[in-house]
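*Asks:* Here is a sequence together with a model predicted from it:
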Number of protein chains: 2
Amino acid sequence: MDPGFLAQLVSVLGAENVFTDNVSLADYSHDETEDLHYEPEVVVKPVDTAAVSALLRLCNTHHVPVTPRGGGTGLSGGALPVYGGVLLSMERFKAIISIDTENLQATVEPGVITEEFMNAVDAQGLLYPVDPSSKGSCFIGGNVAHGSGGPRVVKYGTIREYILNLEIVLPTGEIIWTGANTLKYASGYNLTQLMIGSEGTLGVVTKIVTKLVPKVQNTVVMLGSFAENEQACAAVSAIFRAGITPSALEFMERRGVEWVVQYDDIHFDIKDGINAYLMIEVDGDNLDAIFKDCEKVNTVLEEFGCSDVLFADTAGQKEELWRMRRTMAESVKSNSVYKEEDTVVPRAALPKLIGGIKEIGSRYGFESVCYGHAGDGNLHINIIKAGMSDEDWKNKLKDGIVELFELTAALGGTISGEHGIGLVQKDFMSIKYSEVNLNLMRGIKNVFDPNGILNPGKIF
Amino acid sequence: MDPGFLAQLVSVLGAENVFTDNVSLADYSHDETEDLHYEPEVVVKPVDTAAVSALLRLCNTHHVPVTPRGGGTGLSGGALPVYGGVLLSMERFKAIISIDTENLQATVEPGVITEEFMNAVDAQGLLYPVDPSSKGSCFIGGNVAHGSGGPRVVKYGTIREYILNLEIVLPTGEIIWTGANTLKYASGYNLTQLMIGSEGTLGVVTKIVTKLVPKVQNTVVMLGSFAENEQACAAVSAIFRAGITPSALEFMERRGVEWVVQYDDIHFDIKDGINAYLMIEVDGDNLDAIFKDCEKVNTVLEEFGCSDVLFADTAGQKEELWRMRRTMAESVKSNSVYKEEDTVVPRAALPKLIGGIKEIGSRYGFESVCYGHAGDGNLHINIIKAGMSDEDWKNKLKDGIVELFELTAALGGTISGEHGIGLVQKDFMSIKYSEVNLNLMRGIKNVFDPNGILNPGKIF
């Protein structure tokens, strides 16, 4: 990196916020996406919006790439500085600026850890329901960048439904608010919604205004056991057709549960002949109403061949089941060489999706562990190397993934439900989206970032 | 209009779909926005996506303005062909293509009347909850264009939360699907969300995929009476703080109710000393739970000085109250020269907003009748000419409206919650949005519509 540019960085941000030591460069060279590493040339940790603005203005002038980074928990390589340059860590934007209990809104900085924000809101008797599995370490700014979901989307919606307004620094250094602090907005193009899910390619989020909702008083969690994946998946859409909207509806394959039990010392009896599980959470203020819903769910589960239903209504039981689900990604990671895909389809297409995954796997020689937010039709597919040769894993697997995404698209779905496109899925975008679509995206990128400095090499 | 171009229109669309008679031109020269008239040069009524594509390709080649139009119920002049040219009526796109009860999704054409779609969905035991007051005549395509809301937004969200995917014809004639038929989407910039609320300036919607939800079994409607506007408005945010999310929470001023009662022959006893009403609907599957919520609401209303609460639980009583609310816009219209504004603020700011409206009115000499979706902080302000001179109405009122929007912006709000910017609010956009914001919007417009043919003269 040019020493003159570096000196300017230091003068704009302060030496204490600029890092070029090897440890820092290595620390910020990866996220949670398999085993990819790209070293930045410098890591910066600005402390406020003005500093981000000065930084971007400088980088824009000198055409230096800037890669914004939240908690580093991304699964699509969105925070990897593939062209080197400046790694912009938002970790010092740690303030929960206000929790407005009059308006049920909060204003937070993007470096706040999602779970800490949820807890702070909860302490005020309110609910912020967007809880991705990585909530203990991801940043809310990263959640905005990826349009994050999580298990409660099925009832509460994605982060898209909770973000009212964003303070953004554009790649040119200009600062705007994208919208208004209101529940409705019909005042021109919705720049807030455009920013959500744009993966840090259009601007850097520096403040976030969220909607909050009243806290729900009660939850019950049920776990249904099935002999076949397809039975469990078919039950999913039937639950909604029975008039129930659960607050979570998760699918887990047997092997995922086996690996979690080994990895995380969870006490759970995995019965013979059981190959798939559905975890269903129903919430509400009125326990009677919840139990009536649970009875209806139970009836549906039995219709689809569920052999055993476990009810969890103590805090400990519920927590144990949730821990099992939340730890699954880590336990897969610790067990095998893998690649994770984040397919999403209309929910009634889940049986065809999971059947297709296994069929494709059998042809290419990979195995798979699937789990995910079945209520949204969102299945995380962990492709396991198993008996595949290193050669095939490196060269042939991609063709199998193409087939997987072609199947997803044919079922009306898309290639990512919540992990984003980032670096690792961008080659697959053309399976689902036409060149006209992609050119519109490129055109929008060019409007916001004419010099292409912000998170280059991502999405398209 | 150039006869050669007209001949090409006829050859592309068929003579039976092209209208240049005076009656047609007059019929399509206005929407429901006060008394504005702009005649198009030709009205076209294509029958399918291919015809819209051919039309736009032709107009783009010849740089002829095209103004898309839905049901013509708009309140911001969005469908007015201010530069003449082609008026593109979507009234022949009338098909409900499918209601998918497995996936809880529907695919419809944009010319379907919102209420007809709601009824068709209801007949399948499902709910499409986006019901603007004009639901009996507006088109769902127009709802998409304006990011429509309605009374149930407070619980169910705006149309933004129900649109999964759109088939769009771009101004260049190219046809795309904007996204996927899925509940989650993290696959690049969200073009679906960008289209919603873009008021027909970026593309013409030709197919719409919506989310549906299970039908709710029961509703109760309450009507609270207050001596003062501010008391009623202050009670609004307190209801949410008590943990209740009503399915509607509407505010009405006394004079609005008086005018409706006169206009629509509704039997309703308007008591002395009552100046404001809150109408609260609570829905759910469990009647006990609903009644418990109603009791909590009742307690809050009393705390804020509500002198009388009417419970409506028969279908007839509920319908009568809803009719009162829904007919209010028409009854104001029939009563006076007026101008309608569509302010929205964080809901706890409503008392300040309504106080400010009256104060500004007293200085400028106008009166006002306010009502609207108070649960969302969305207040429709009908400015009534009253004793204002024609001269002042024409020249000074605008300054008053500027003050109104400055107040709205100062309270964290914006100038339109659900009616859109269109023609009549575009001069006020700079009160809330910076030139940087507006230039981003202009840049996006240019990406989609390089020749500026589609609905020119709107938003900015």
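*Replies:* Structure's in. What do you need?
*Asks:* how about the residue lying closest to A:Met222 once chain neighbours are set aside, secondary structure?
*Replies:* Nearest non-adjacent residue to A:Met222, counting by CB to CB, 6 or more residues apart in numbering or on different chains: A:Ile280, 4.6 Å away. C-beta coordinates here come from the backbone N, C-alpha and C atoms, glycine included. The three-state label given to A:Ile280 by DSSP: H, G, I helix; E, B strand; the rest coil is strand.
*Asks:* could you measure A:Ile280 against A:Lys432, distance?
*Replies:* Distance, A:Ile280 to A:Lys432, using CB to CB, to the nearest Å: 30 Å.
*Asks:* Could I get the buried residue list for the helix-or-strand element of chain A with minimal mean pLDDT?
*Replies:* Ranked by mean pLDDT, DSSP states H and E, the weakest helix or strand in chain A is helix A:328-335, scoring a mean of 89. Neighbour counts over helix A:328-335 (16 or more other CB atoms under 10 Å in any protein chain shown) mark A:328-333, A:335 as buried.
*Asks:* Please name every helix or strand in contact with it.
*Replies:* When contacts are defined as 3 or more CB pairs under 8 Å, 6 or more residues apart in numbering or on different chains; DSSP states H and E, helix A:328-335 packs onto helix A:254-264, strand A:338-344, strand A:378-384.
*Asks:* Helices along the stretch 51-200 of chain A, start to end?
*Replies:* Ranges of helices in the stretch 51-200 of chain A, per DSSP state H, counting those that start in this stretch, are A:114-122, A:140-146, A:153-156, A:191-195.
*Asks:* so can I have CSV of those showing mean neighbour count?
*Replies:* Converted to CSV, the helices of the stretch 51-200 of chain A look like this (neighbours: other CB atoms under 10 Å in any protein chain shown):
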stretch, mean neighbour count
helix A:114-122, 18
helix A:140-146, 30
helix A:153-156, 25
helix A:191-195, 24
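*Asks:* mind checking which of those helices is nearest chain B?
*Replies:* The closest of the helices of the stretch 51-200 of chain A to chain B is helix A:191-195. By CB to the nearest CB, the value is 3.9 Å.
*Asks:* Which residue ranges make up each domain of chain A?
*Replies:* A:3-91, A:96-214, A:218-329, A:336-436 (automatic domain parsing).
*Asks:* which parts of the stretch 251-400 of chain A sit against chain B?
*Replies:* The stretch 251-400 of chain A comes close to chain B at residues A:284-286, A:288-289, A:292-293, A:342, A:344-349, A:373, A:376-378, as judged by CB under 8 Å from any CB of the partner chain.
*Asks:* Now list the buried members of those.
*Replies:* A:284-286, A:289, A:292-293, A:342, A:344-349, A:373, A:376-378.
*Asks:* Now go through those residues and say which are in helices.
*Replies:* When these are checked against helices (DSSP state H), the matches are A:289, A:292-293.
*Asks:* can you redo those as CSV with pLDDT and distance to B:Ala50?
*Replies:* Listed next are these as CSV, based on pLDDT from 0 to 100; distance: CB to CB, whole Å:
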residue, pLDDT, distance to B:Ala50
A:Ala289, 92, 50
A:Lys292, 95, 50
A:Asp293, 95, 46
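*Asks:* quick one: which of those is nearest chain B?
*Replies:* Taking CB to the nearest CB as the measure, chain B lies nearest A:Ala289 of these, at 3.8 Å.
*Asks:* surely that closest one meets B:Phe291?
*Replies:* No. The criterion here is CB atoms under 8 Å, and A:Ala289 misses it with B:Phe291 at 11.7 Å.
*Asks:* In contact with A:Pro129: list those residues for me.
*Replies:* A:152, A:155-156, A:162, A:213 (CB atoms under 8 Å, 6 or more residues apart in numbering or on different chains).
*Asks:* Kindly report the same for A:Asp100.
*Replies:* So A:Asp100 contacts A:106-107, B:346, B:348 (CB under 8 Å, 6+ apart).
*Asks:* Next one: it, what pLDDT does it get?
*Replies:* Note for A:Asp100: predicted pLDDT of 97.
*Asks:* Number of residues surrounding A:Asp27?
*Replies:* 15 (other CB atoms under 10 Å in any protein chain shown).
*Asks:* From chain B, how far out is it?
*Replies:* A:Asp27 sits 26 Å away from chain B, going by CB to the nearest CB, to the nearest Å.
*Asks:* need the contact list for that residue.
*Replies:* Counting by CB under 8 Å, 6+ apart, A:Asp27 makes contact with A:Val43.
*Asks:* A:Val64 too?
*Replies:* Listed by CB under 8 Å, 6+ apart, the contact partners of A:Val64 are A:5, A:58, A:85-86, A:453.
*Asks:* low-scoring stretches of the stretch 301-450 of chain A, by residue?
*Replies:* For the stretch 301-450 of chain A, no stretch is flagged by pLDDT under 70.
*Asks:* need the strands for it, in chain order.
*Replies:* A:308-312, A:338-344, A:367-373, A:378-384 (DSSP state E, counting those that start in this stretch).
*Asks:* Let's have those strands in TSV, adding distance to A:Glu319.
*Replies:* Formatted as TSV, these follow (distance: least, CB to CB, whole Å):
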stretch	distance to A:Glu319
strand A:308-312	9
strand A:338-344	25
strand A:367-373	18
strand A:378-384	21
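*Asks:* To B:Ala95, which of those lies closest?
*Replies:* Comparing the strands of the stretch 301-450 of chain A against B:Ala95 with CB to CB, the closest turns out to be strand A:338-344 (26.9 Å).
*Asks:* Any idea how many residues pack against A:Thr314?
*Replies:* Using other CB under 10 Å, A:Thr314 has 9 other residues around it.
*Asks:* scratch that, A:Ser336
*Replies:* Around A:Ser336 there are 14 residues (other CB under 10 Å).
*Asks:* I'd say it and A:Ile384 touch.
*Replies:* Yes. Between A:Ser336 and A:Ile384 there is a contact at 4.9 Å, judged by CB under 8 Å.
*Asks:* picking up where we left off before, okay, the angle between the least confident helix or strand of chain A and helix A:254-264?
*Replies:* 80 degrees (axes from the mean of the first three to the mean of the last three CA atoms, to 10 degrees).
*Asks:* now what about helix A:328-335, what contacts it?
*Replies:* A:133, A:252, A:256-257, A:259-260, A:262-264, A:338, A:340, A:369, A:371, A:380, A:382, A:384.
*Asks:* Just list the residues touching the residue nearest to A:Gly136 when sequence neighbours are not counted, thanks.
*Replies:* Distance criterion CB to CB, 6+ apart; nearest residue to A:Gly136, sequence neighbours excluded, is A:Glu115 at 5.0 Å. Contacts of A:Glu115 were listed using CB under 8 Å, 6+ apart, and they are A:131, A:135-136.
*Asks:* got it, and A:Asn229?
*Replies:* Counted by CB under 8 Å, 6+ apart, A:Asn229 has contacts A:253, A:275-276, A:351, A:354-355, A:358, A:370.
*Asks:* Filter those down to the ones in helices?
*Replies:* Reading helices off those with DSSP H, I get A:351, A:354-355, A:358.
*Asks:* got those as JSON lines, with distance to B:Gly417 and neighbour count columns?
*Replies:* Shown next, in JSON lines, are the ones in helices among the contacts of A:Asn229 (distance: CB to CB, whole Å; neighbours: other CB atoms under 10 Å in any protein chain shown):
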{"residue": "A:Pro351", "distance to B:Gly417": "42", "neighbour count": "18"}
{"residue": "A:Ile354", "distance to B:Gly417": "42", "neighbour count": "25"}
{"residue": "A:Gly355", "distance to B:Gly417": "46", "neighbour count": "15"}
{"residue": "A:Lys358", "distance to B:Gly417": "48", "neighbour count": "13"}
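*Asks:* Can you tell me which of the residues you listed is nearest chain B?
*Replies:* Closest to chain B, out of all of the ones in helices among the contacts of A:Asn229 and judged by CB to the nearest CB, is A:Pro351, at 10.9 Å.
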